[in-house]
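Novice: Below is the sequence, then the predicted model.
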Amino acid sequence: MQLQYLERILLIAKTGNMTEAAEKLYISQPSLSQMVASVEKEIQATIFDRRSWPMKLTPEGECFIRAAKRILATNSSMMEEIHSIQVGGNGSIHIGASIPRCRSIMPHVLTEFRRQYPGVSICFADGKSAEFEQMILSQDIDMAMGNVPSNNPEVLCTQLNSERYYLVANRNSPFAQRLDKIREEADRPDYRFSLKEAANESFILLSPTRSARIAFQRMALETGITPKVSLEVYNSDIALEYAEQNLGITLLSTTYRNNSPFPYHTPTLSFFAIDSKYSLRDLYLLYDTNCLLHPAKKTMIDLLLDAFAPPSTGNV
């Protein structure tokens, strides 16, 4: 049943006069009567008592009018909500991103995004980079930051930057103090250390299926060491917390913006770059082509791309 039919029947009920309603609708009275008869046939009930003047609703008609008002109100609310989403007023954006990326990238982006779209909620989904393309295609997420580029034309892919793995240790530990002294003497905060420097340390690592653990295993094979894994955890936040408690050293993949220097120290931790071909990997932004049609989602994409844009080389 068309919504237009409900609106016309509501007008007839309000006027109590088929001819007057037809005039207000700019249609003929016979065509309006035929439409009402068609609806009554569909619901198998009479809506109007045509013997009265003005026409009155039958008990079934009163039920129909109540339902028609609810349907039209729901439709109006739905259209308002859809319009609000289309102009970016509310709704949600689902982003696939690992915990380290949420920590190192998103705070810089979310401040500006929240200023422009305070009503849009952001939902993060953890996962493996290899899974993000399919998650976008199945509409579980709108976009993702991962290390595996897209091979599907429906998923656009742009390289943001590169990520580097760092050894992370309690800043006051003998291990961190020894390596900090080496790079201070070299006057190179970005000094790259061989994994052999940590051959005798206890490691806090993610599970063997996670990309960080796989990269670590490749670096260990490359340098010929057999690391001691004392703790195996399921996310990097736990690994960092244990490293802060000086329970071992861990491996963290960290991304930073082109215009922002990497912080090699925090009050409790030291970060050491690793000298290995497996310590560096590309970072991509993947997103559904439909995201470009949604103002808020397009803004999120633009903010992420701007965060990694090369610094301007123009003359000042």
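Specialist: Here it is on my side, so go on.

Novice: Now the helix ranked longest in the chain: buried residues?
Specialist: Ordering each helix of the chain by length in residues (DSSP state H) puts helix 59-86 first. By neighbour count on 16 or more other Cβ atoms under 10 Å, the buried set for helix 59-86 is 61, 64-65, 68, 85. Every C-beta, even on glycine, is put in place using the N, C-alpha and C of the backbone.

Novice: Likewise for stretch 276-296?
Specialist: 276, 278-279, 281, 283-288, 291, 294-296.

Novice: Torsion angles phi and psi at M106?
Specialist: Here is the backbone geometry of M106 (degrees, to the nearest 10): phi -70, psi -30.

Novice: State the distance from it to L303.
Specialist: 10 Å (Cβ to Cβ, to the nearest Å).

Novice: same deal with K128?
Specialist: 24 Å.

Novice: S276 too?
Specialist: Distance of S276 to L303, given as Cβ to Cβ: 32 Å.

Novice: Which of the three states applies to Q4?
Specialist: Of the three states, Q4 takes helix under DSSP: H, G, I helix; E, B strand; the rest coil.

Novice: For it, grab the count of nearby residues.
Specialist: 10 (other Cβ atoms under 10 Å).

Novice: And it, how far from I71?
Specialist: 12 Å.

Novice: need the helices for the stretch 1-150 of the chain, in chain order.
Specialist: Per DSSP state H, counting those that start in this stretch, the stretch 1-150 of the chain carries helices over the ranges 3-15, 18-25, 29-43, 59-86, 99-104, 106-116, 129-137.

Novice: With distance to L195 and mean pLDDT as extra columns, can I get the ones you listed in CSV?
Specialist: Output for the helices of the stretch 1-150 of the chain, formatted as CSV (distance: least, Cβ to Cβ, whole Å; pLDDT from 0 to 100):
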stretch, distance to L195, mean pLDDT
helix 3-15, 67, 89
helix 18-25, 80, 90
helix 29-43, 75, 91
helix 59-86, 49, 81
helix 99-104, 19, 78
helix 106-116, 29, 88
helix 129-137, 23, 87
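
Novice: Identify the residues contacting A13.
Specialist: Applying Cβ atoms under 8 Å, 6 or more residues apart in numbering to A13 gives the contacts 48, 57, 61, 65.

Novice: For the stretch 151-300 of the chain, which segments count as strands?
Specialist: 155-170, 192-193, 202-206, 228-233, 249-254, 269-274, 280-288 (DSSP state E, counting those that start in this stretch).

Novice: For E222, which of these is the nearest?
Specialist: The closest of the strands of the stretch 151-300 of the chain to E222 is strand 269-274. By Cβ to Cβ, the value is 10.2 Å.

Novice: Distance from the chain centre to that closest one, please.
Specialist: Computed by Cα atoms, centre = their mean, to the nearest Å, the separation of strand 269-274 from the middle of its chain amounts to 29 Å.

Novice: Same question for stretch 270-278.
Specialist: Relative to the centre of its chain, stretch 270-278 is centred 29 Å away, using Cα atoms, centre = their mean.

Novice: residue closest to the middle of the protein?
Specialist: Centroid-nearest residue in the chain, with Cα atoms, centre = their mean: I95, separated by 1.9 Å.

Novice: Can you name the residues that contact that one?
Specialist: Counting by Cβ under 8 Å, 6+ apart, I95 has contacts 106, 122-125, 141-145, 300.

Novice: Out of the residues you listed, flag the one nearest to A37.
Specialist: Using Cβ to Cβ, the contacts of I95 come closest to A37 at D142, 47.6 Å.

Novice: can you tell me how far the closest one sits from I95?
Specialist: Distance from D142 to I95, by Cβ to Cβ: 7 Å.
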